[in-house]
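J.: using only what follows, build the 3D model:
(chains A and B)
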Amino acid sequence: RKEVEQDPGPFNVPEGATVAFNCTYSNSASQSFFWYRQDCRKEPKLLMSVYSSGNEDGRFTAQLNRASQYISLLIRDSKLSDSATYLCVVMGDYKLSFGAGTTVTVRA
Amino acid sequence: ETGVTQTPRHLVMGMTNKKSLKCEQHLGHNAMYWYKQSAKKPLELMFVYNFKEQTENNSVPSRFSPECPNSSHLFLHLHTLQPEDSALYLCASSQVVTGGSRDEKLFFGSGTQLSVL
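T.: Numbers count the residues shown, from 1 in each chain, chains lettered A, B, ... in the order given. As a prediction, this is how the structure comes out:
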């Protein structure tokens, strides 16, 4: 089983729509969780950390479900500029594991 | 904009060539990393340097040779590569916090897109 699994998508949504996707992880002792954003042919950049109580940053909401071992990212009021690949990153045993990414395409 | 700079941005090399990738971080971090990203695959950690000492080498073939002369600079020397080594090579840095645990937040360079012919 992969350490971190993501639905590759693509999720094609119209501007203004809400899109949400999950990421599952295999190590129940994982300690920290993050979402990174990667634009085509560019480097990943930290989007947000994911906290146990769930957290929000503008139009982005991240949640953690330890019992079912997944994290989620929800994007409200999608903008064209949200088109990117979203990487799930999980830290366990002092090691970072990356998912292969979920691609989101927002169309006008 | 980025605090981590990588050169070159693109590299095409034959299987018999020798080349080097360069990375420099301007963030005052003390840990640096090399990652490999192949299409549709997760990032793979190759090497980690903490305080200039190599602390991880994830079974990377010897045709990849890292060098970390100081905490701001990192190189990846390449020789006799194979076509399957074609990928995006990303350098990253982070800050090792007190007690030795690594700060999880990574700052990436823009990467080197490598093609091996």
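J.: tell me the pLDDT at the residue nearest to residue A:57 when sequence neighbours are not counted?
T.: Excluding its sequence neighbours, the residue lying closest to residue A:57 (C-beta to C-beta, 6 or more residues apart in numbering or on different chains) is residue A:48, at 5.1 Å. In short, each C-beta sits where N, CA and C put it, glycine included. As summarised for this prediction, residue A:48 has a pLDDT of 95.
J.: need phi/psi at residue A:48.
T.: The phi and psi torsions at residue A:48 (degrees, to the nearest 10) take the values phi -170, psi 150.
J.: is residue A:55 bridged to anything, and to what?
T.: Under the criterion DSSP bridges, residue A:55 forms beta bridges with residue A:62.
J.: least trustworthy helix or strand in chain A by mean pLDDT?
T.: Sorting the helices and strands of chain A by mean pLDDT, DSSP states H and E puts strand A:95-98 at the bottom, at a mean of 89.
J.: what does that strand contact?
T.: The set of residues external to strand A:95-98 that reach it, using C-beta atoms under 8 Å, 6 or more residues apart in numbering or on different chains, is A:3-4, A:25, A:27, A:36, A:87-91, B:42-43, B:45, B:104, B:106.
J.: flag every buried residue along the next helix or strand along the chain from it.
T.: From strand A:95-98 onward toward the C-terminus, using DSSP states H and E, the following helix or strand is strand A:102-107. Buried positions in strand A:102-107, judged by neighbour count with 16 or more other C-beta atoms under 10 Å in any protein chain shown: A:102, A:103, A:104, A:105, A:106.
J.: related to what we said a few turns ago, strands paired with the least confident helix or strand of chain A, and their directions?
T.: Its sheet considered, strand A:95-98 pairs with strand A:84-92 (antiparallel) by DSSP bridges.
J.: mind listing what residue A:80 touches?
T.: Taking C-beta under 8 Å, 6+ apart as the definition of contact, the neighbours of residue A:80 are A:15, A:106, A:107, A:108.
J.: that one and residue B:51, how far apart?
T.: In this structure, residue A:80 and residue B:51 are separated by 43 Å, where distance is defined by C-beta to C-beta, to the nearest Å.
J.: next: residue B:8.
T.: 27 Å.
J.: go on, residue B:108?
T.: 20 Å.
J.: what of residue A:30?
T.: Residue A:30 is 26 Å from residue B:51, by C-beta to C-beta.
J.: comparing these two, which residue is more hemmed in?
T.: residue A:30 (20 against 10; other C-beta atoms under 10 Å in any protein chain shown).
J.: where does that one fall, secondary structure wise?
T.: Applying DSSP H and E, one finds residue A:30 in no helix or strand.
J.: ok, it touching residue A:91?
T.: Yes. With the criterion set as C-beta atoms under 8 Å, residue A:30 and residue A:91 qualify as a contacting pair; they are 6.4 Å apart.
J.: write out the residues of chain B neighbouring chain A.
T.: By C-beta under 8 Å from any C-beta of the partner chain, the part of chain B that sits against chain A consists of B:2, B:40-43, B:45, B:88, B:90, B:101-102, B:104-111, B:113.
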